[in-house]
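next come a sequence and a model predicted from it.
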Amino acid sequence: MNTSIQFQGLTTVPSGALVFAATEGAPPVTGIAAVDQWAAKLYTSGEFTGKPFELATLHNPAGIAAERAVLLGAGKPEKLDTVVARKLGGAAVRSLKAKLITTLAFIVDKTLQTAALVQALTEGAVAGDYEPDVHKTKKDSKHLDTFLLIAEGGSSDLAEASRNGAVIGEAQNFTRTLVNEPGNLLTPLKLAAAAKQMSEAQGLDCEILDEDRMRQLGMGSLLAVAQGSIEPPALIIVRYKPDQPVEGIHLGLIGKGVTFDTGGISIKPSENMEKMKYDMAGGAAVLGAMMAIAQLKPNVEVTALVPTVENMPSHNAVKPGDIVTSLAGKTVEILNTDAEGRLILIDAITYAKRLGINRMVDAATLTGAISIALGAVNVGAFSNNNDWQQQLLAAAATAGEKMWAMPMDDDYKDLLKSAFADMPNIGSRGAGSITAALFLQEWVEDTPWVHLDIAGTAWIDDNKPFLSKGPTGIAMRTFVELTRKLSN
Ligand code: BES
Ligand code: ZN
Ligand code: ZN
């Protein structure tokens, strides 16, 4: 899908549909007599009220070159912020491509002419075009060719906003494409190859630590998870260095990259196990963020680390009760082989600290328990540092990704005790997402850090008006926005 913006042509641009955001209360004033009369009637008759994602179509209205005028419900006018704008962009694309329209012109009237709203509209439109059916040989889904914003009388900075929005939307779709790949097609080494390819295309430095190197270093915790699979593990490291980095900040983005999680010897039930291909969503979010960062060029040094493995049961697999030594030297008693994410993350965290990283965020589909706590609505955000957590949450709010601060006070530490090693890899009862975060914190120590548990939010089972079902790409936009905030 091509996206662009122009500052004139509302009546003259040929397109399948000219879309007007129509808020509740009063019809939009388009300046096109035929459209305004039609819109006024729709509102007075009550056929159209402007509720979010309502749609009304007028064919061949007099006075415009477009084949249709479309009103798209935009909700209450006072609530039209970037979150709504992103959804409007997505809903415009999704509802109209379903009607076989290939060229869409979205009218950015005065109320929508801010850089933030234009960026969000474009992000939403690009993300709205994504469909998770790449492996269907006969596709029912449709795609839009052209998404054009028309901002008559708007200032030229909106063009940059729209380009930034396209970069972010495409990076989100890159993340979703990776997450959507099944375990047989996206193994750890394939994920590493995808990271390498993306890095080369974007001019980023990419280093892959292989199994031998990780053994030399002593990443016993990560390797314990990998040992049950015939697929070798990797630690993917992608580096971004701006010309003039802000001093004193080296941001580390760490993402869980389990390309398939069977649970290992503590095997999962077969029902829904196929979904465990999305257990690398954190890693994919980190890689998508790097793709956008390379193009948006914030002035902050960023290093991404993605430990990637396949978690399998086999004669070779790690067993409950096994004790392993992590890169940091601390020992772990593996009581449940299905709590594997934290085992690969701790070695990546220790390695990140050795690279000089002094602010960290990790994203991981870490616990089923976070879905019980927060459903598919909010990401759980755990932290050892209030200021850093507030910065992350502010970035998430700007990026339109819902996140909720979770507690992780010391009182919960009593649940994490092993008689035989420094730490068990699971807590004793209750608070499963919190004990998982506390486990990570033992390796993070004092470095400002936020852990994002995205197990509930990285995948949606139903289509939304503005986003297809399947992988959401959650956390990627927050990472990008965080680097932007840090660079100012
Ligand atoms: N990948 C899972 C968590 C998960 C569950 C992600 C459902 C997405 C949807 C993780 O590795 C896991 O299995 N965690 C266990 C931890 C338990 C053994 C303490 C869990 O949540 O059941
Ligand atoms: Zn697991
Ligand atoms: Zn897992």
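Received the coordinates, thanks. Ligands and ions are numbered 1, 2, ... in the order given.

excluding chain neighbours, what is closest to the residue in the stretch 251-400 of the chain that ligand 1 sits nearest to?
Across the stretch 251-400 of the chain, the shortest distance to ligand 1 (C-beta to the nearest ligand atom) belongs to Gly368, at 3.4 Å. For glycine as for every other residue, the C-beta is placed from the backbone atoms N, C-alpha and C. Once flanking residues are discounted, Gly368 sits nearest to Ala455: 6.3 Å by C-beta to C-beta, 6 or more residues apart in numbering.

and that neighbour, how many neighbours?
Counted with other C-beta atoms under 10 Å, the neighbours of Ala455 add up to 26.

my guess is the residue of the stretch 251-400 of the chain closest to ligand 1 meets Asp453, correct?
No: the pair Gly368 / Asp453 is not scored as a contact, 10.0 Å apart, by C-beta atoms under 8 Å.

so between those two, which is more surrounded?
Shown here are Gly368 and Asp453; by other C-beta under 10 Å, Asp453 has more neighbours (33 against 13).

mind checking how far that one is from Asp347?
Separation of Asp453 from Asp347 (C-beta to C-beta, to the nearest Å) stands at 19 Å.

strands of the stretch 351-488 of the chain, residue ranges please.
Applying DSSP state E, counting those that start in this stretch to the stretch 351-488 of the chain gives strands spanning 359-364, 379-383, 403-405, 423-424, 449-453, 459-460, 470-471.

do the stretch 151-300 of the chain as well
205-209, 234-240, 250-255, 257-261.

right, and those strands - which one's nearest ligand 2?
strand 257-261 (4.4 Å; C-beta to the ion).

and Ser4, how many neighbours?
Close neighbours of Ser4, defined as other C-beta under 10 Å, add up to 14.

quick check: bridge partners of it?
Per DSSP bridges, the residues bridged to Ser4 are Leu148.

enumerate the residues of this protein near ligand 2.
Taking C-beta under 5 Å from the ion as the measure of proximity, the chain contacts ligand 2 at Asp261, Asp338, Glu340.

name the nearest residue to Glu47, sequence neighbours excluded.
For Glu47, ignoring the flanking residues on the chain, the nearest one in space by C-beta to C-beta, 6+ apart is Ala56 at 7.2 Å.

quick check: mean pLDDT of stretch 7-15?
Average pLDDT, stretch 7-15: 96.

what's near enough to touch the closest residue to Glu211 other than its chain neighbours?
Spatial nearest neighbour of Glu211, excluding adjacent residues (C-beta to C-beta, 6+ apart): Pro232 at 4.9 Å. Residues near Pro232 by C-beta atoms under 8 Å, 6 or more residues apart in numbering: Pro188, Leu189, Asp210, Glu211, Ala226.

ligand 1 contacts on this protein?
261, 279, 336, 338-341, 365, 367-369, 426, 432, 455 (C-beta under 6 Å from any ligand atom).

name the member of the residues of the chain next to ligand 2 with the most neighbours.
Glu340 (30 neighbours).

doesn't Thr308 make contact with that residue?
No: using C-beta under 8 Å, Glu340 is not in contact with Thr308; the gap is 11.8 Å.

what residues are shared contacts of these two?
Val258.

what's the pLDDT at Glu445?
98.

for it, which residues are in contact?
Lys353.

show the subsequent helix or strand relative to the one helix or strand Ala105 maps to.
Under the criterion of DSSP states H and E, Ala105 resides in strand 103-107. The helix or strand immediately downstream of strand 103-107 is helix 115-128, counting by DSSP H and E.

can you spell out which helices and strands pack onto that next one?
Applying 3 or more C-beta pairs under 8 Å, 6 or more residues apart in numbering; DSSP states H and E, we find helix 115-128 packed against strand 2-6, helix 82-97, strand 146-150, helix 157-180.

for Met406, find the nearest of these.
Closest approach to Met406 among those (C-beta to C-beta): helix 82-97, 21.7 Å.

contacting residues around that closest one?
Counting by C-beta under 8 Å, 6+ apart, 1, 16-17, 19, 21, 52-53, 55, 70, 72, 74-75, 104, 106, 112, 116-117, 119-129, 142-144, 147, 398, 400, 464-468 sit against helix 82-97.

residue of the stretch 351-488 of the chain closest to ligand 3, please.
Counting by C-beta to the ion, the stretch 351-488 of the chain gets nearest ligand 3 through Thr365, at 6.0 Å.

with adjacent residues omitted, what lies nearest to that residue?
Leaving aside its chain neighbours, Thr365 sits nearest to Ala455 (4.2 Å; criterion: C-beta to C-beta, 6+ apart).

what sits against whichever residue of the stretch 251-400 of the chain sits closest to ligand 2?
The nearest approach of the stretch 251-400 of the chain to ligand 2 comes at Asp338, 3.8 Å away (C-beta to the ion). Asp338 makes contacts with Asp261, Gly263, Gly264, Ser266, Ile267, Lys268, Asn311, as judged by C-beta under 8 Å, 6+ apart.

how about these in TSV, adding pLDDT and distance to ligand 3?
Shown next, in TSV, are these (pLDDT from 0 to 100; distance: C-beta to the ion, whole Å):
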residue	pLDDT	distance to ligand 3
Asp261	99	4
Gly263	98	8
Gly264	98	10
Ser266	98	11
Ile267	98	12
Lys268	98	9
Asn311	99	6
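
and Ile323, bridged to which residues?
Taking DSSP bridges as the rule, Ile323 bridges to Glu333.

so which residues on the stretch 151-300 of the chain come close to ligand 3?
Residues of the stretch 151-300 of the chain lying near ligand 3 (C-beta under 5 Å from the ion): Val258, Asp261, Asp279.

around the residue lying closest to Ile208 once chain neighbours are set aside, how many other residues sit close by?
Leaving out its chain neighbours, the residue that sits closest to Ile208 by C-beta to C-beta, 6+ apart is Ala192, at 4.8 Å. Ala192: 23 surrounding residues under other C-beta under 10 Å.

thinking Ala192 is in contact with Thr308, fair?
Yes: if you go by C-beta under 8 Å, Ala192 and Thr308 touch, sitting 6.6 Å apart.

which residues are in contact with both of the two?
In contact with both Ala192 and Thr308: Ala234, Ile236, using C-beta under 8 Å, 6+ apart.

distance of Ala66 from Pro471?
Distance, Ala66 to Pro471, using C-beta to C-beta: 33 Å.

which one of these two is surrounded by more residues?
Taking other C-beta under 10 Å, Ala66 and Pro471 do not tie; Pro471 has more neighbours (26 against 23).

is the more buried one bridged to anything, and to what?
Trp459.

how about it, what does it touch?
Contacts for Pro471 (C-beta under 8 Å, 6+ apart) come out as Pro132, Thr175, Arg176, Thr177, Val179, Asn180, Tyr278, Ala281, Ala284, Ala458, Trp459.

quick check, pLDDT for it.
98.

likewise for the one 4 residues further on?
pLDDT recorded at Ala475 is 99.

so who does it touch?
Ala475 neighbours (C-beta under 8 Å, 6+ apart): Gly282, Ala285, Ala289, Ala363, Val379, Glu401, Leu452, Ile454, Ala458.

isn't the second one up against Thr457?
Meaning Ala285. No: applying C-beta under 8 Å as the test, Ala285 and Thr457 come out as separate, 10.6 Å apart.

overlap of the contact sets of these two?
What both Ala285 and Thr457 touch, as defined by C-beta under 8 Å, 6+ apart, is the set Ile474.

great, nothing more from me.
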